[in-house]
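Engineer: Structure, please.
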Amino acid sequence: MCGIVGFTNKNWAAPPERIREATETLIHRGPDQQGVFQSSLFSMGATRLKIIDLASGNQPIITEDGQTGIVFNGEIYNHLEVRSELEDLGHRFTSHSDTETVLRAFVQWDKECFQRLRGMFAVALWKKDQRRIVLARDRMGIKPLYICRQDEDIFFGSELKSILIHPEIERRISMNGLDCYLSLNYVPCPWTLIEGIEKLPPGCWLEWRDGKVSSDAYWKLPFGEVRQYTLDAAKEELDSLLQQSVREHLLSDVPLGIWLSGGMDSTTILHYASQASNSRLKTFSISFRGRSFDESKYIHRAVKQYGTDHEELDLTPEVNLQSAIEEFAHYSDEPSADAGSLPVWFLSKLSKTKTTVALSGEGADELFGGYITCRADMLAALARRFPRGLLRMGLAAMRHWPASDEKISFEYKLKRFLEGSLLPPGHAHVFWNGTFNDDEKRSLLKVPLPGSFHRLLAEMNHLPRTTDPLAPFLWFDQKFYLADDILVKSDRMSMAHAVEVRPPFLDHRIVEFAAKLPARLKIRGAEQKLVLSELRKDKLPASIIQGKKTGFDIPAHEWLRGPLRAMLVDTLQEGLSEYRDLFHGEVVEGFLKAHFDRQTNAGYHLWGLMILFQWMKKWRIQAASSTAPKVLLQARAGAST
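Structural biologist: Numbering: from 1, shown residues only. Just a heads-up that it's a prediction; the model follows:
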């Protein structure tokens, strides 16, 4: 597990120390070893967190003939299988690391090698004689990779900060990214919040060849090929896939643990891990004792059932919340406006006390239909049969209902549901979990929005026809919400503490299996994730599977009225003063007042703005396009390679 970074020097001359400076921005991702490779055309660096082959496998790795090199971030769970095949073809290895396996696989099969790899990864491969770089990212986007193109040159890195180290790159806010962020509280691929810097999409490669760039997908998120499974057949296949995936995800030469939330997905991973491991497992949890959404009793039942070595932290306002939130701006790179970032931050910090690797239950909800938004989608289809005027009357009446401090109260859900029922189905689906609506966004900003958010929603309209009404929504959640919110949150918060998190549910074989399931095996009435729930009944004790889903985040509405109120007000006031040409201050203040007066619960909206302003301040983001010429373009005029 590492951080990777690199850039070309085709038409400009980077200072010789620049690659080391860029690499040092990622030391938190790889504190165990750092290395760089430099040439007249291309430089790359890596920071390594040693997980497999602790004695060797340092990066970058260059082949014996000096023609091919690699920097790599991730884990390849079938690397021994691929290595054996390569050895049969005549390749000889100098280490036991999966990084070298990827390097030799690229030498043998070029870009076709990515289809053979099972795991999570972001990789850069350099071919000296071809003046060529190939970048690639794993199928589900578990590991990040950012890219910036400047004319014929390319810059890349595991985090934005490794690109922003270049003073030649302008830090201008992307209105495409901001349009989506204000609706979703995250920035979907390929955009970021900085103009000119993008994310490489999951399952894709990008090739730079002496200044020319091409890109394509080696794997696409499956959609539409439904098989008519029986419930028993589906359970049997899922059981086999989970056994294989969890067993492979346990591969490690350092201490390993399980993130145990109290929910059924993480407990399922614990169950399969306990079957595959002969040693006592470590588990780590965050609790919210005394709160209605606390799941610690289910956590403790699982700990007792599986006899784990357990560590737990109770997250209360007395913990130094403000300090952690302030660090988000540095470690998140992009604003991580998912309020679940806070418990994940403390969970990662807790995990580091005893382990370097943790398995998590992420992905099951997106694959099998576990979110309450899926039920809202189904209910909204019925609600839309009523006259729109009647829905608007209900919504108007809700505005007189005092807002509660509950994390996700009945009043909050009902209001969001009625608002969403007035929207087209695709828009409503993302609105359930989102923040500002279109009218609110327009009132917030002094500049017009580019429409990127609606272009994103339109992707659901271009999917193949299906009889499953939920399939497009699950596809959207997997492609964007999972990759650009859930997995970003997990990666940044864990790597800030040099902890590697592995999600066994996101083995691509399980993803492909879930896509083939008919809707009746995902949701039946009030029962969600049906096939997974039925499988668990055969595996887990009844005392464990009684809990209901509460979600792993903080009571944002309450804490922003209480212990985080001063921080919220100070951050917004400072941000509105600095970016007064972009935001209407009186509109933001209106949201603050309505929230504090309990006229509405705007905690998630305000959390997103607070994190946004902190991030813009930290990275000195320009709110408008600069009229000054870019230094990099000037430097190129007289540079030669």
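Engineer: what about the residue nearest to Ile142 when sequence neighbours are not counted, neighbour count?
Structural biologist: In space, and not counting its chain neighbours, Ile142 is closest to Met120: 3.7 Å by Cβ to Cβ, 6 or more residues apart in numbering. Where you see a C-beta, it was placed from the backbone N, CA and C, and this is true even at glycine. Per other Cβ atoms under 10 Å, the neighbour tally for Met120 reads 27.
Engineer: So what touches the strand or helix carrying Met120?
Structural biologist: Per DSSP states H and E: Met120 is located in strand 119-127. Applying Cβ atoms under 8 Å, 6 or more residues apart in numbering, the contact partners of strand 119-127 are 4, 6, 37, 42, 44, 67-79, 98, 102-103, 106, 132-138, 140, 142-145, 156, 158, 200, 502, 506.
Engineer: next one: stretch 435-455
Structural biologist: By Cβ under 8 Å, 6+ apart, the residues outside stretch 435-455 that reach it are 175-180, 182-185, 191, 419, 431, 581-584, 587-588, 604-605, 608.
Engineer: re the thing from before, pull up the pairing partners for the strand holding Met120, direction included.
Structural biologist: Here strand 119-127 has these sheet partners by DSSP bridges: strand 68-76 (antiparallel), strand 132-137 (antiparallel).
Engineer: so how far is Phe596 from Arg561?
Structural biologist: Going from Arg561 to Phe596 by Cβ to Cβ, to the nearest Å gives 6 Å.
Engineer: er, Glu419 I mean
Structural biologist: Distance, Glu419 to Phe596, by Cβ to Cβ: 21 Å.
Engineer: for the stretch 351-500 of the chain, what spans make up the helices?
Structural biologist: Assigned by DSSP state H, counting those that start in this stretch, the stretch 351-500 of the chain shows helices spanning 364-368, 372-383, 388-398, 410-421, 425-433, 438-444, 452-458, 471-476, 487-495.
Engineer: on contacts alone, who are the packing partners of the fourth one?
Structural biologist: Spelled out, that is helix 410-421. In this structure, helix 410-421 makes packing contacts with helix 372-383, helix 388-398, helix 425-433, judged by 3 or more Cβ pairs under 8 Å, 6 or more residues apart in numbering; DSSP states H and E.
Engineer: Could I get the buried residue list for that helix?
Structural biologist: Neighbour-count burial for helix 410-421 flags 411-412, 415-421 (criterion: 16 or more other Cβ atoms under 10 Å).
Engineer: quick one: which of those is nearest Gly340?
Structural biologist: Of all the buried residues of helix 410-421, Gly340 sits closest to Tyr412, with 16.6 Å by Cβ to Cβ.
Engineer: Now for the spatially closest residue to that closest one that is not a sequence neighbour, how many residues are close by?
Structural biologist: Leaving aside its chain neighbours, Tyr412 sits nearest to Asn601 (4.8 Å; criterion: Cβ to Cβ, 6+ apart). Burial of Asn601 is recorded as 26 neighbouring residues (other Cβ under 10 Å).
Engineer: Flag the shaky bits of this protein, pLDDT-wise.
Structural biologist: Scanning the chain for pLDDT under 70 picks out the ranges 1, 292, 405, 407, 546-552, 624-641.
Engineer: run the last query once more with 50
Structural biologist: Along the chain, the parts satisfying pLDDT under 50 run over 626-641.
Engineer: neighbours of Leu560, just the number please.
Structural biologist: The burial count for Leu560: 26, using other Cβ under 10 Å.
Engineer: Am I right that it is in a helix?
Structural biologist: Yes - looking at Leu560 with DSSP: H, G, I helix; E, B strand; the rest coil, it is inside a helix.
Engineer: Could you tell me the angle between the strand holding Met120 and helix 487-495?
Structural biologist: Angle of strand 119-127 versus helix 487-495, following axes from the mean of the first three to the mean of the last three Cα atoms, to 10 degrees, is 80 degrees.
Engineer: Return the alpha-carbon coordinates of stretch 422-434 using CSV.
Structural biologist: Coordinates of each C-alpha in stretch 422-434 appear next as CSV, following Å, rounded to 0.1, in the frame of the first residue of the first chain:
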residue,chain,number,x,y,z
LEU,A,422,-41.8,16.2,-6.9
LEU,A,423,-38.6,15.5,-8.8
PRO,A,424,-38.0,13.1,-11.7
PRO,A,425,-37.1,9.6,-10.4
GLY,A,426,-33.3,9.8,-11.1
HIS,A,427,-33.0,13.2,-9.6
ALA,A,428,-35.1,12.1,-6.6
HIS,A,429,-32.8,9.1,-5.9
VAL,A,430,-29.7,11.3,-5.4
PHE,A,431,-31.7,14.0,-3.6
TRP,A,432,-32.7,11.6,-0.8
ASN,A,433,-29.0,11.5,0.2
GLY,A,434,-28.1,14.9,-1.1
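Engineer: buried sites along it?
Structural biologist: Judged by neighbour count using 16+ other Cβ under 10 Å, the buried positions of stretch 422-434 are 422-423, 425-434.
Engineer: Dump those into a markdown table; add distance to Leu517 as well.
Structural biologist: Listed next are the buried residues of stretch 422-434 as a markdown table, based on distance: Cβ to Cβ, whole Å:
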| residue | distance to Leu517 |
| --- | --- |
| Leu422 | 31 |
| Leu423 | 27 |
| Pro425 | 21 |
| Gly426 | 21 |
| His427 | 26 |
| Ala428 | 23 |
| His429 | 19 |
| Val430 | 23 |
| Phe431 | 26 |
| Trp432 | 22 |
| Asn433 | 22 |
| Gly434 | 27 |
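Engineer: now, among these, which is nearest to Pro541?
Structural biologist: For those, the nearest to Pro541 is Asn433 (31.6 Å; Cβ to Cβ).
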